[in-house]
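[1] give me the fold of what follows.
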Amino acid sequence: MNDAKLVTVASYSFPYEAHMARARLEASGIPVFVADEYTVNMQWLYSNAIGGVKVQVPLRFANQAKAILAQDYSDLLDEEFGKDEVVCPKCGSADVEPFTKGKRPAFVVFLLLGFPLFFCRHGIRCKSCGQFSQT
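    Numbers count the residues shown, from 1 in each chain. Here you go, the predicted model:
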């Protein structure tokens, strides 16, 4: 088998994401090459056009690398730190979503004045009763 042939096993929008994947693979003993990271660092708008920052491994490690990168450890975080359940302060419903209040007026001001005025507020909005509350 030819070790000189590199295969792209994942691609990311930002170099730091690719380097986190690289570290996971190297910890498992897989040789890794990160391609196009400098291009994206210099011109981040090119990231989607060139296919992102690519994580490449030798062909014989491709399946093993894909399996390692596909592992999800989010349940371990929930076990260790607990899952914070956010509820609506008005009705107590857990059916809430992140919401930014004031985006539309800020956009209109930007169109009219040519520069943004940031008077947005971040918080949560209840899907049941529509109540907005800041977090």
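
[2] contacts and neighbour counts: CA atoms only from here.
    Fine.

[3] could you chop the chain up by domain?
    6-78, 96-134 (automatic domain parsing).

[4] can you report phi and psi for A49?
    phi -70, psi -40 (degrees, to the nearest 10).

[5] any idea which of the domains of the chain gets closest to V87?
    domain 96-134 (6.8 Å; Cα to Cα).

[6] buried residues in the closest one?
    Residues of domain 96-134 classed as buried: V96, F99, K101, A106, F107, I124, R125, C126, F132, S133 (neighbour count, 16 or more other Cα atoms under 10 Å).

[7] with stretch 65-73 instead?
    Within stretch 65-73, judged by 16+ other Cα under 10 Å, the buried ones are A65.

[8] cool, and stretch 9-18?
    For stretch 9-18, the neighbour count (16+ other Cα under 10 Å) marks V9, A10, S11, Y12, S13, F14, P15, A18 as buried.

[9] good, we can wrap up now.
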